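Peer 1: Build me a model:
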Amino acid sequence: MSNIWYVKRDDQCFGPSSHDEILQSLRQGILTKSDLIANSPEGSWTTISERAEFRTSTLPLSSLAAPAVPPKPSVPDPQLDANTQSIRHLPPDVRQNHIKTLTEDAYWAWQATGFLTLFAALLTTIKLWNGDYFVGAISGIGLFVLLFAMGYLHQSRTKELNGYSDDLLVKMIEDHREVEKEKKKRRNRNALLVGGAAAALAVLVLANPDAQDRLLNIASRLTNSAKCEILNKSIAPMTFANAAEPDFGFIVNIEVRNIGAAGNIEAFALVSTAEGELKKSRKIYVPSSSSQKIEIQFPEPTVNSTLSEVRFGVSCTPN
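Peer 2: Model (predicted):
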């Protein structure tokens, strides 16, 4: 006598179940003798009443009543095979590990919220450090909202997964592992592409002084709340001592004012002579609403050019 049975009702297959479990279900009214039964999902289906194994006088008359609706799982499992539904019982620690894994990686919103939270924390720290308390307070409020959103997503997702059957959790973990394998392949491929692009960009920046200045300006704007404006500029000839010998050159005077928060301001001077162009800079700390004079020396030119033959320009950052 076989001890493995499958029950079919409404084109759905349930099992495997033992002989004793089938008898118990008949006694409790969960199954009736008109339900179909077989030893395997692909076997020959007959009603329970046709099976000699279940012809017993101990069964109540209620088992001959109209079919009772079997209890449905709390969460449908559409990803399982349409003809079979296996019943698994995961250990509590394994189930909780599955739920933790799916909670952390299931939603793109969870990952996006995490990145935004890190950005808000960094922005809050920078602004408060530079004395920009208003923007710091706004970003701090945004940080609090993002942390609350992360907690809410975590709780709601955990509650949802706790209602899933063990079968569905196992299937979701298997799918998750396959997705992670594909993600790892994409990450490796993207890392190569990004690395190549970064190397090419580094070569271009090193070969182009203007690109260097732009990148430095962007970095200064992100980390510095100072803001400069040029009040005055002038250039004058200057004789420098070079190896105890006089050397002709120029000196550029720049007066800058900080109209932002206290911070570093960098002044740039460009001098163009018959020998070519020379560019230099000097960085100083300027308190808020204060002005400073900056001198930038150019001892390199050796041709005694007159001021009318020299062109110069100045700028400053952050502006």
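Peer 1: can you map out the helices along the stretch 201-319 of the chain?
Peer 2: Taking DSSP state H, counting those that start in this stretch as the criterion, the stretch 201-319 of the chain carries its helices at 209-223.
Peer 1: Any regions of it where pLDDT drops low?
Peer 2: Across the stretch 201-319 of the chain, the ranges flagged by pLDDT under 70 are 211-214, 216-224, 242-244, 301-306.
Peer 1: where exactly do the strands run in the stretch 101-250 of the chain?
Peer 2: Counting by DSSP state E, counting those that start in this stretch, the stretch 101-250 of the chain has strands at residues 228-242, 245-258.
Peer 1: Mind putting those strands into a markdown table with mean neighbour count?
Peer 2: The way it works is simple: take the backbone N, C-alpha and C, and place the C-beta from them, glycine included. Formatted as a markdown table, the strands of the stretch 101-250 of the chain follow (neighbours: other CB atoms under 10 Å):
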| stretch | mean neighbour count |
| --- | --- |
| strand 228-242 | 14 |
| strand 245-258 | 18 |
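Peer 1: Distance to I30 for these - can I get that in a markdown table?
Peer 2: Listed next are the strands of the stretch 101-250 of the chain as a markdown table, based on distance: least, CB to CB, whole Å:
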| stretch | distance to I30 |
| --- | --- |
| strand 228-242 | 81 |
| strand 245-258 | 81 |
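Peer 1: Which among those is found nearest to C13?
Peer 2: Distance to C13, taken as CB to CB, is lowest for strand 228-242 among these, at 76.9 Å.
Peer 1: where does H176 land on pLDDT?
Peer 2: The per-residue pLDDT reported for H176 equals 76.
Peer 1: since we're on it, how many residues are nearby?
Peer 2: Neighbours of H176 under the rule other CB atoms under 10 Å: 15.
Peer 1: Residue numbering should commence at 14 henceforth.
Peer 2: Renumbered: residue one is now 14, and that last one reads H189.
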